[in-house]
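Peer 1: Structure here, sequence nowhere to be found:
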C-alpha cells in the first residue's frame, strides 16, 4: 500500500527572495498607476507636486546618509541655491524651464563639490557641523544678494513652456512632468546603488578602514557621492521653484535640512521607498495641520517623530523590511 502523504518541503531562500522582489515590483507599479490617475481622483495637483519634489529631496539625501553613511546638516544649501538660480534664470534671463532647472542643478552640484572637498576631510559629527557651517554661508548669500530678493524672496517665477513648445501653465501638465522627473530620479538612484560604485559606497558605510585597506580611494568615492546627492537635491529645489513660482529664504534655512533628515529617518534610512514615504507623511501633516494649529504643527510633527523613532528604530519601511526578512528566515529554516 503506497503512502499518500506528501512531504512538504520548505521554500528555498532563493524562491522566497524572488517572491519578495515580485511583490516589491508589483507595489511600485501600483503606486505609479496611482500617481498617474491621482488628478482624476480629485487630488490637488499642486500639493502632489510639492510632495514629489520633497520626495526627490529626501531620496537624494538618503543616497548620502543611507548608502554612504555621511550625515549632512547642510543639504538645504543645495536645495535653496538651486531654487534661487533656477528662479533668477527663468524670470530675469527668460530661460525656458528645462534650461533654468539645468542651471539650478549645475549650481547645486558645484556648491556640493566645494562643500564636499572641505567636509570629507572629517568624519562623524565634525563632518555634519562643517556642512551646517558652510550651509549658513549660503543662507547669508541668499539673504544679502540683490538677485534673491532678500527677506521677500524671489517671487513671480513663470513656469514658461517646456522646450519652448509645451506650456506648463496647466497644473495637470506640470504634474505629469514632475511625475516623470520623479520616476527618472528614483530609477537613477536605484541604478547608482546597485552599480559597482554603489557597492563600494555601502562598503565605506559599513567599514571604511577595510575599504581603504583594499585599495579604494575612499575620499574620491565619498566626494562623488556628495556631489551626486547635492545635484539631485538641486533638481528637487529647482523643480519646486518652477512648480510653486517662488524661492524664499526658508529653502536655504537650516530647518529645511532638519526636515529632510526627519523625512528620511521617519521612512527608513538606507531603504529606497522609505524617504519617499517619510516625505509624504511630513508634507501631508504640514498641509493638513497648518491651517488648524498654526506653528504648533512643528511640535506635533516632532512628537510623532519621537514616537516613531521609539517604536520603529529603523523607520517605517525599514522595520517592515526587517519583519519580512525574519519571516523569510523562519520559513527557510529546515524543520526541526
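Peer 2: Nice, I can see it. This is a predicted model, so every value here is computed, not measured.

Peer 1: hang on, isn't residue 208 packed against residue 218?
Peer 2: Yes - the criterion here is C-beta atoms under 8 Å, and residue 208 meets it with residue 218 at 6.0 Å. C-beta coordinates here come from the backbone N, C-alpha and C atoms, glycine included.

Peer 1: State the distance from residue 301 to residue 307.
Peer 2: Distance, residue 301 to residue 307, by C-beta to C-beta, to the nearest Å: 11 Å.

Peer 1: Please identify which of the two sits among more neighbours.
Peer 2: Each of residue 301 and residue 307 has its neighbours counted (other C-beta atoms under 10 Å); residue 301 has more, 18 against 10.

Peer 1: and residue 300, what is it in contact with?
Peer 2: 285, 289, 293 (C-beta atoms under 8 Å, 6 or more residues apart in numbering).

Peer 1: Now do it, the pLDDT please.
Peer 2: For residue 300, the pLDDT comes out at 81.

Peer 1: where's it, which helix or strand?
Peer 2: Taking DSSP states H and E as the definition, residue 300 sits inside helix 296-311.

Peer 1: For that helix, buried residues please.
Peer 2: For helix 296-311, burial by neighbour count (16 or more other C-beta atoms under 10 Å) applies to 297, 298, 301, 305, 308.

Peer 1: again with stretch 187-200
Peer 2: By 16+ other C-beta under 10 Å, the buried positions in stretch 187-200 come out as 188, 189, 192, 193, 198, 200.

Peer 1: Next step: these restricted to helices.
Peer 2: Among the buried residues of stretch 187-200, the members falling in helices (DSSP state H) are 188, 189, 192, 193, 198, 200.

Peer 1: The last one: what's its closest spatial neighbour, skipping adjacent residues?
Peer 2: By the measure of C-beta to C-beta, 6 or more residues apart in numbering, the closest residue to residue 200 outside its immediate chain neighbours is residue 221, 5.5 Å from it.

Peer 1: Tell me where the stretch 1-150 of the chain is predicted with low confidence.
Peer 2: Applying pLDDT under 70 to the stretch 1-150 of the chain picks out residues 1-21.

Peer 1: go again using 90 as the cut-off
Peer 2: Counting by pLDDT under 90, the ranges of the stretch 1-150 of the chain that qualify are 1-45, 66, 69, 74, 91-94, 120-126, 142-150.

Peer 1: hey, where'd the strands end up in it?
Peer 2: Using DSSP state E, counting those that start in this stretch, the stretch 1-150 of the chain contains no strands.

Peer 1: Which elements pack onto the longest helix along the chain?
Peer 2: In the chain, taking DSSP H as the definition, the longest helix is helix 218-244. Here helix 218-244 touches helix 45-68, helix 76-92, helix 97-119, helix 171-194, helix 196-206, helix 208-213, going by 3 or more C-beta pairs under 8 Å, 6 or more residues apart in numbering; DSSP states H and E.

Peer 1: Just the buried positions in the first one, please.
Peer 2: I take that to be helix 45-68. Buried, per 16+ other C-beta under 10 Å, within helix 45-68: 45, 48-68.

Peer 1: Who are the packing partners of that helix?
Peer 2: Helix 45-68 packs on helix 171-194, helix 196-206, helix 218-244, helix 254-267, helix 274-293, going by 3+ C-beta pairs under 8 Å, 6+ apart.

Peer 1: Contact partners for residue 98?
Peer 2: When contacts are counted by C-beta under 8 Å, 6+ apart, residue 98 touches 162, 163.
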